[in-house]
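Undergrad: I'd like to go over a predicted model; first the sequence, then the structure.
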Amino acid sequence: MKTVTHAARKIAILGATGSIGASTLDVVAQHPERFTVTALAANRQWERLLEMVACFRPQFAALLDPDAARELASAVRREGLPTRVLSGAEGLCEAATLPEVDTVVAAIVGGAGLAPTMAAARAGKRILLANKETLVLAGGMFMAAVREGGATLLPIDSEHNAIFQCLPAGYAGVPEKGGVRRILLTASGGPFRATPVGELVSVTPDQACAHPRWRMGRKISVDSATMMNKGLEVIEAHWLFGAAREQIEVVIHPESIVHSLVEYVDGSVLAQLGNPDMRTPIAQALAWPERIAAGVAPLDLAQIGSLHFAVPDAARFPCLELACAALVAGGSAPATLSAANEEAVAAFLERGIGFLNIAGVCAEALARLPARPIASLADALEADRAGRALARQLLGRQAVAV
Ligand code: NAD
Ligand code: MG
């Protein structure tokens, strides 16, 4: 049989020091003949990034924080590593658009991911998208940049990756044409799915971050506890798959085995199943349209025994409905919500506010800032800035320039 040889994909990982970054490097390390790590980028954890640079020896490393970038650059020189260090917001965008790179893993957390992910789209890269906030802040513009830049967009958020796998091959983003009736997004319900509502007022950040099924960064863990994460994912699904709000249904599924489903007009419902491990969607997208091993244990259905599904409790999870309302309002409303949520979650994690105040701050920001059209990256960044400033004011903090 003929041996197929692949030119190794040259990968940039934005958000390399985070949870998705670690899972990506794990899969990449299992297939050194297929993937070359060309650039690693992060916020300010230079010692952690240095360890990764020493291990994967990328051509480029980037840190947002200029002081941390300087520390990294001198350590790289000291250790004689072959890596050029980039710095600041421009350094992150450069890492996302390098001619040496063909694949960009967009795994920065929050609105900070927007500019470099947009730059990767305009540069026509193959983008593995974890940073859902890019689509929440500027979905229409980002999808246009993907089309115009000739980029390939592959979702690695587990639900969206599942939907991608269940849609017809070559799906053109028009549900009716593919015979698609609805998208069913599954949600675990997070750590507080069954906690008495009266106790939510006093839950701690560590309790909120103790997700029963997934190990993730702290921001997305809190978003899972409030179900804001699922709301942001409804918006993400809307843009990725061209589905209207009414075509997207959220279903609670505590086992996190069915990662999402697509319902067709003939009554067929296709689902993607697997153990809850981000290396599966990451490997699927890294190798697409081929398949590679991810290092994930096989699914043992007999051992799992039963799977459960339920309707989300709107009173327990007001953030879910807030996000759906922001999608319907359109324009800058989702960006306002996402920005206010980031500020409120950061305040909660620093123990400044209670868990239930997160939804309160988000609702108030949405009510006070009218939706405006988003026609440029500057509009999206301004909506993000305004949402954060108002949220900080509501949180009783001094508004500072971002
Ligand atoms: P994390 O907190 O573990 O890591 C975040 C990464 O982003 C770190 O490398 C950090 O250095 C970098 N970063 C933070 N702020 C930055 C900034 N201002 N500029 C540049 N880099 C910055 O987060 P995570 O859990 O890996 O999540 C990353 C993204 O992936 C999020 O958008 C999240 O919603 C999405 N996602 C994560 C998971 C998961 O299982 N962790 C699943 C689905 C989607
Ligand atoms: Mg998800």
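TA: Sure thing, it's come through. Ligands and ions are numbered 1, 2, ... in the order given.
Undergrad: contacting residues around the closest residue to ligand 1 within the chain?
TA: Residue nearest to ligand 1 within the chain: G18 (1.9 Å; Cβ to the nearest ligand atom). Placement of C-beta: from N, CA and C, glycine included. Shown in contact with G18 (Cβ atoms under 8 Å, 6 or more residues apart in numbering): 42, 107-109, 217.
Undergrad: mark which of those are buried, thanks.
TA: Buried members of these, scored by 16 or more other Cβ atoms under 10 Å, are 42, 107-109, 217.
Undergrad: mind listing which of those are in strands?
TA: Secondary structure from DSSP state E places A42 of these in strands.
Undergrad: how far away from the center of its chain is stretch 215-234?
TA: The chain centre lies 10 Å from the centre of stretch 215-234; the measure is Cα atoms, centre = their mean, to the nearest Å.
Undergrad: what sits closest to A363 if chain neighbours are left out?
TA: What sits nearest to A363 in space, not counting adjacent residues and going by Cβ to Cβ, 6 or more residues apart in numbering, is L322, at 5.9 Å.
Undergrad: quick one: that neighbour and A359 touch, right?
TA: Yes: counting by Cβ atoms under 8 Å, A359 is a contact partner of L322 at 6.8 Å.
Undergrad: between these two, which one's more packed in?
TA: Taking other Cβ atoms under 10 Å, L322 and A359 do not tie; L322 has more neighbours (23 against 20).
Undergrad: sec struct for the more buried one, please.
TA: Secondary structure, DSSP: H, G, I helix; E, B strand; the rest coil: L322 is helix.
Undergrad: any idea how far it lies from G331?
TA: Separation of L322 from G331 (Cβ to Cβ, to the nearest Å): 16 Å.
Undergrad: could you dump the contacts of G18 to JSON lines with pLDDT and distance to ligand 1?
TA: Below are these laid out as JSON lines (pLDDT from 0 to 100; distance: Cβ to the nearest ligand atom, whole Å):
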{"residue": "A42", "pLDDT": "98", "distance to ligand 1": "3"}
{"residue": "A107", "pLDDT": "98", "distance to ligand 1": "5"}
{"residue": "I108", "pLDDT": "98", "distance to ligand 1": "4"}
{"residue": "V109", "pLDDT": "97", "distance to ligand 1": "4"}
{"residue": "G217", "pLDDT": "95", "distance to ligand 1": "3"}
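Undergrad: may I have the phi/psi pair for the residue in the chain that ligand 2 sits nearest to?
TA: Across the chain, the shortest distance to ligand 2 (Cβ to the ion) belongs to D157, at 4.2 Å. With angles defined as degrees, to the nearest 10, D157 sits at phi -60, psi 130.
Undergrad: repeat for T103
TA: phi -130, psi 130.
Undergrad: now swap in the one 5 residues further on and tell me
TA: Reported as degrees, to the nearest 10, the phi and psi values for I108 are phi -80, psi 150.
Undergrad: number of residues surrounding the residue lying closest to it once chain neighbours are set aside?
TA: Among residues not flanking I108 along the chain, G15 sits closest, at 4.1 Å (Cβ to Cβ, 6+ apart). By other Cβ under 10 Å, 27 other residues sit near G15.
Undergrad: list the contacts for G15?
TA: Residues counted as contacts of G15 (Cβ under 8 Å, 6+ apart) are 21, 41-42, 105-109, 113, 130-131.
Undergrad: what is the nearest of those to Q393?
TA: Minimum distance to Q393 across these is 23.1 Å, recorded for V109 (Cβ to Cβ).
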